[in-house]
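Asks: coordinates for the following, if possible.
(chains A and B)
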Number of protein chains: 2
Amino acid sequence: MNKLSSSYKELLERLSGGDRLALARLMTLIESRPPEVYALMSQVCKLARAVPRLGITGPPGAGKSTLVDQIIRSFRACGKTVGAIVIDPSSPFSGGAVLGDRVRMQDHSLDPGVFVRSLASRGSHGGVSRATMEVSVLLDAFGMDEIIIETVGVGQTELDIMGIADTTAVVLVPESGDTIQTLKAGILEIGQVFVVNKADREGADRIASEIQSMLKIAPSPDGWEVPVVLCQAREGEGINEFLSAVENHRRHLEARPDLAARQAEFRKQQLIEILLTEIRHRLLASSSLGSQASSLEPGLAQVFDLVRDAEKDPYQAAAELLADPKKLAKILGIK
Amino acid sequence: MNKLSSSYKELLERLSGGDRLALARLMTLIESRPPEVYALMSQVCKLARAVPRLGITGPPGAGKSTLVDQIIRSFRACGKTVGAIVIDPSSPFSGGAVLGDRVRMQDHSLDPGVFVRSLASRGSHGGVSRATMEVSVLLDAFGMDEIIIETVGVGQTELDIMGIADTTAVVLVPESGDTIQTLKAGILEIGQVFVVNKADREGADRIASEIQSMLKIAPSPDGWEVPVVLCQAREGEGINEFLSAVENHRRHLEARPDLAARQAEFRKQQLIEILLTEIRHRLLASSSLGSQASSLEPGLAQVFDLVRDAEKDPYQAAAELLADPKKLAKILGIK
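Replies: As a prediction, this is how the structure comes out:
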């Protein structure tokens, strides 16, 4: 493992000393994947204390940002510091959020007890999970008491935050559609807490009781009774009920006999994700080298060229590479 | 590459002969990843004719299934055969769709010109993309004239279908929320066609014109003018307009000077995905072997055990593995 230069060591010291600039700097640094990323993250892991992660997910327009804003206010009122990660399923073209949103979040930008970080999800498989994991470890190491992860949607990303968040809340609104549609989205088993936001609107009680009856049919496999909380996040109503539901779930988790086993499994999963991220990068690097590139043997670069030119189908090429240990090792940047 | 046994060869012959049972059998077979998967898919690729893929995405409750049902009817009325892939962001626990949905789709189950396949998205990174790609190649090889891919959500999954679908339609409803929320979900640049479904409801014209004005601010980078179509899928209204918008986009794509380059890039991407899927499987296999397993050297299995037991953080372990070509090759199942 690369030794850390003194400038990195200084950054880490400033991080553990509560320096927000060092925190921001480290987030940017780690996203750029320098060769020192492993040594750096390894030190950051040592500083982290495994504070609980609260995931907030749901369809667009459900009022997740408003809810997160109110949760931050509540935590702050209790004297807790908060780190928030906001995952923007941004454009794969522009590589950033379409609009500068998060307007409300900026209320907290002058509060030294709050740090909000936006992450673009782009199109990369697993890339967001890894970035979210690393930013949350950084916020943990920085000393935040609470970490909130907000993500839009009902697809892959939310399933992913389940692995990172200890408690995931699914936010819906009365307009979220017939329950059958909600179920179709498979979000029922994602949430440990359900929030019906904008509960002053027509149909709030109906959707809440529909979720409740569905939860009775498909109860949580670990015995947790998933609560459904009515909120009006904009008015701050229902926030206390929501936070006590989260607190109850945390106590439930701590009482579970398999807590240690789950944490152990999560750490192994982290290792696999880190290795796969590295290998994906190496594969992309190998494939983008043309046959003229000197760093790949001609016979190897040719494989990608043949597939590109449709002279070989990708499955045949994959089979040939997988059958040849030397070629495979080379393409994966081993040795 | 493994030689294909006569039973596989027979299946392929039956596939190209239009045998639906062989098609279903091959889909199930390929999902179980037998050692012959590469040889099998390679042959399937040879049968495929690259028919266009139409992606349908949007939030739950937008009426995507109803729209897909109507699109299938229209295609059938023109004498075209249709393969449809429905991606269910199903529970990561039960590993299948929560409810037996797709009720309407069953109208087509007796039609020999239609084949519908459900895929569970589960929590696996990229797993759905690979499965969707393979099932679509199978439907193509089977001889379907049109392939439709339906997926719920506004997150990772939809960005992924962009790579597989030639044309992606985003389905919204008047209740899909303020445009700012829609933009926040970053779906603006996902769609080559926008559909405002349930257009008889209040606010349909408003959301349509809001999307249109946003599209003017952020026009499609390739010069395609993204149309916004009003539909009432349940009544079959607007379906013809929608399909002619899709047809126009296909013509636009064919006229693009970089068509060949994009297809070449897609094939290379396929190869990378196939290799990564295999490597992920191998890594998971290595990590699940305890130190008692004889197939991994004690020193190697120990790495996973140390991480599991929190005696080594995952970054340090990753760095050590990446720095040791022999260990890395072993863990990736090379040689």
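Asks: rest of the way, CA atoms for contacts and neighbours
Replies: Will do.
Asks: thinking residue A:140 is in contact with residue A:53, fair?
Replies: No - with contacts counted by CA atoms under 8 Å, residue A:140 stays clear of residue A:53, the gap being 9.5 Å.
Asks: who touches both of the two?
Replies: Residues touching both residue A:140 and residue A:53 (CA atoms under 8 Å, 6 or more residues apart in numbering or on different chains): residue A:147.
Asks: would you map the helices across chain A?
Replies: Assigned by DSSP state H, the helices in chain A fall at A:6-16, A:20-31, A:37-47, A:64-77, A:127-142, A:156-164, A:179-184, A:204-217, A:239-255, A:259-288, A:298-308, A:314-323, A:325-331.
Asks: so which of those helices is the most surrounded?
Replies: Among the helices of chain A, ranked by average contacts under mean count of other CA atoms under 10 Å in any protein chain shown, first place goes to helix A:156-164 (a mean of 24).
Asks: domain map for chain A?
Replies: Listed by automatic domain parsing, the domain ranges of chain A are A:1-47, A:49-256, A:262-331.
Asks: and the shortest one, average pLDDT?
Replies: Computed over domain A:1-47, the mean pLDDT rounds to 90.
Asks: can you check the last one too?
Replies: On average, the pLDDT along domain A:262-331 is 81.
Asks: got the end-to-end distance for it?
Replies: Domain A:262-331 stretches 34 Å from its first residue to its last (CA to CA, to the nearest Å).
Asks: mind putting the helices of chain A into JSON lines with distance to chain B?
Replies: Below are the helices of chain A laid out as JSON lines (distance: least, CA to the nearest CA, whole Å):
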{"stretch": "helix A:6-16", "distance to chain B": "16"}
{"stretch": "helix A:20-31", "distance to chain B": "12"}
{"stretch": "helix A:37-47", "distance to chain B": "5"}
{"stretch": "helix A:64-77", "distance to chain B": "10"}
{"stretch": "helix A:127-142", "distance to chain B": "9"}
{"stretch": "helix A:156-164", "distance to chain B": "5"}
{"stretch": "helix A:179-184", "distance to chain B": "5"}
{"stretch": "helix A:204-217", "distance to chain B": "10"}
{"stretch": "helix A:239-255", "distance to chain B": "17"}
{"stretch": "helix A:259-288", "distance to chain B": "4"}
{"stretch": "helix A:298-308", "distance to chain B": "4"}
{"stretch": "helix A:314-323", "distance to chain B": "5"}
{"stretch": "helix A:325-331", "distance to chain B": "5"}
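Asks: out of these, nearest to residue B:257?
Replies: Closest of the helices of chain A to residue B:257 is helix A:298-308, at 16.8 Å (criterion: CA to CA).
Asks: who are the packing partners of that closest one?
Replies: helix A:259-288, helix A:314-323, helix B:259-288 (3 or more CA pairs under 8 Å, 6 or more residues apart in numbering or on different chains; DSSP states H and E).
Asks: tilt between that helix and helix A:259-288?
Replies: If you take axes from the mean of the first three to the mean of the last three CA atoms, to 10 degrees, helix A:298-308 sits at 90 degrees to helix A:259-288.
Asks: all strands for the stretch 51-200 of chain A, in order.
Replies: Assigned by DSSP state E, counting those that start in this stretch, the stretch 51-200 of chain A shows strands spanning A:53-58, A:82-88, A:114-120, A:146-152, A:167-172, A:193-196.
Asks: so which of the helices and strands packed on helix A:298-308 is nearest residue B:168?
Replies: helix B:259-288 (15.9 Å).
Asks: for the residue nearest in space to the middle of chain A, give me the pLDDT.
Replies: Centroid check for chain A by CA atoms, centre = their mean gives residue A:132 as the closest residue, at 3.9 Å. Per-residue confidence (pLDDT) for residue A:132: 87.
Asks: residues touching it, list them.
Replies: Each residue near residue A:132 by CA under 8 Å, 6+ apart is listed here: A:85, A:119.
Asks: repeat that for the one 3 residues further on.
Replies: Counting by CA under 8 Å, 6+ apart, residue A:135 touches A:27, A:85.
Asks: ok, the residue nearest to the centre of chain A to residue A:269 distance?
Replies: Remark: distance between residue A:132 and residue A:269 (CA to CA) = 14 Å.
Asks: run a quick neighbour tally on residue A:3.
Replies: For residue A:3, the count of nearby residues is 11 (other CA atoms under 10 Å in any protein chain shown).
Asks: quick check: the closest residue to it other than its chain neighbours vs residue A:7, distance?
Replies: Excluding the flanking residues, the one nearest residue A:3 by CA to CA, 6 or more residues apart in numbering or on different chains is residue A:39, at 7.0 Å. Counting by CA to CA, the gap from residue A:39 to residue A:7 is 13 Å.
Asks: kindly report the same for residue A:66.
Replies: With CA to CA as the criterion, residue A:66 and residue A:7 are 39 Å apart.
Asks: give me the below-cutoff pLDDT ranges for the stretch 51-200 of chain A.
Replies: A:89-107, A:121-127, A:153-162, A:177-186 (pLDDT under 70).
Asks: now with 80, please.
Replies: Applying pLDDT under 80 to the stretch 51-200 of chain A flags the ranges A:59-61, A:88-109, A:120-129, A:152-163, A:175-189.
Asks: find the nearest non-adjacent residue to residue A:321, please.
Replies: residue A:328 (5.4 Å).
Asks: now do the contacts for the one you found.
Replies: A:321-322, B:334.
Asks: quick one: which of those residues is nearest residue B:226?
Replies: Nearest member of the contacts of residue A:328 to residue B:226, counting by CA to CA, is residue A:321, at 40.9 Å.
Asks: wait, that closest one touches residue A:327, no?
Replies: Yes - using CA under 8 Å, residue A:321 makes contact with residue A:327 at a distance of 6.1 Å.
Asks: in stretch A:169-177, what counts as buried?
Replies: Within stretch A:169-177, the residues scored as buried using 16 or more other CA atoms under 10 Å in any protein chain shown are A:169-177.
Asks: coming back round to it: any idea how far the residue nearest to residue A:321 is from residue B:58?
Replies: Taken as CA to CA, the span from residue A:328 to residue B:58 is 39 Å.
Asks: brilliant, that's me finished.
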